[in-house]
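[1] next comes the sequence, and after it the predicted model I'd like to discuss.
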Amino acid sequence: MKRDRPVMRTLVPEECIRTAASLFACVHASPSLQNAEQLAQWLGKDPRHLRALDIALAEWGLAQSGHPVGNVPGA
């Protein structure tokens, strides 16, 4: 059975969520000023980017806790 996506997620392009997850993964794997600045600059480009990061972090947190999540790599 396929679940419908939450309404808020559909307002943010999937590409933005993937980019947010990728940028966060870089900061998480290799904390550096360069990686943090890259994430901060991307967040400042579009208000939807902050929501995309929120979605990506929520999915990452659920995956880390062992909960099944739809599109999170490694979940």
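    Cool, got the structure. Numbering: from 1, shown residues only.
[2] would you mark the buried spots in stretch 51-69?
    51-53, 55-56, 59-60, 63, 69 (16 or more other C-beta atoms under 10 Å). (C-beta placed from N, C-alpha, C; glycine too.)
[3] next, give me the two most distant ones among the residues you listed.
    Spanning the widest gap among the buried residues of stretch 51-69 are R51 and A63, at 18.7 Å by C-beta to C-beta.
[4] the chain: strands as residue ranges?
    Secondary structure of the chain by DSSP state E: no strands are present.
[5] could you measure the residue nearest the centre of it against V12, distance?
    Centroid check for the chain by C-alpha atoms, centre = their mean gives A56 as the closest residue, at 2.3 Å. Shown here: A56 relative to V12, a distance of 10 Å by C-beta to C-beta, to the nearest Å.
[6] please apply the same query to G66.
    Counting by C-beta to C-beta, the gap from G66 to V12 is 25 Å.
[7] what do you get for A58?
    In this structure, A58 and V12 are separated by 12 Å, where distance is defined by C-beta to C-beta.
[8] over to I55?
    Using C-beta to C-beta, one gets 6 Å for the distance from I55 to V12.
[9] same thing with S32?
    Here the distance between S32 and V12 works out to 26 Å (C-beta to C-beta).
[10] just L33 next, same as before
    With the distance defined as C-beta to C-beta, L33 ends up 27 Å from V12.
[11] out of these two, which sits in the busier spot?
    Between L33 and V12, counted using other C-beta atoms under 10 Å, V12 has the larger neighbour count: 20 against 7.
[12] on the pLDDT front, check that one for me.
    At V12, the model reports a pLDDT of 94.
[13] which strands or helices does whichever helix in the chain runs longest pack on?
    Under DSSP state H, the helix in the chain containing the largest number of residues is helix 47-64. Using 3 or more C-beta pairs under 8 Å, 6 or more residues apart in numbering; DSSP states H and E as the contact criterion, the secondary-structure elements in contact with helix 47-64 are helix 7-10, helix 14-29, helix 33-45.
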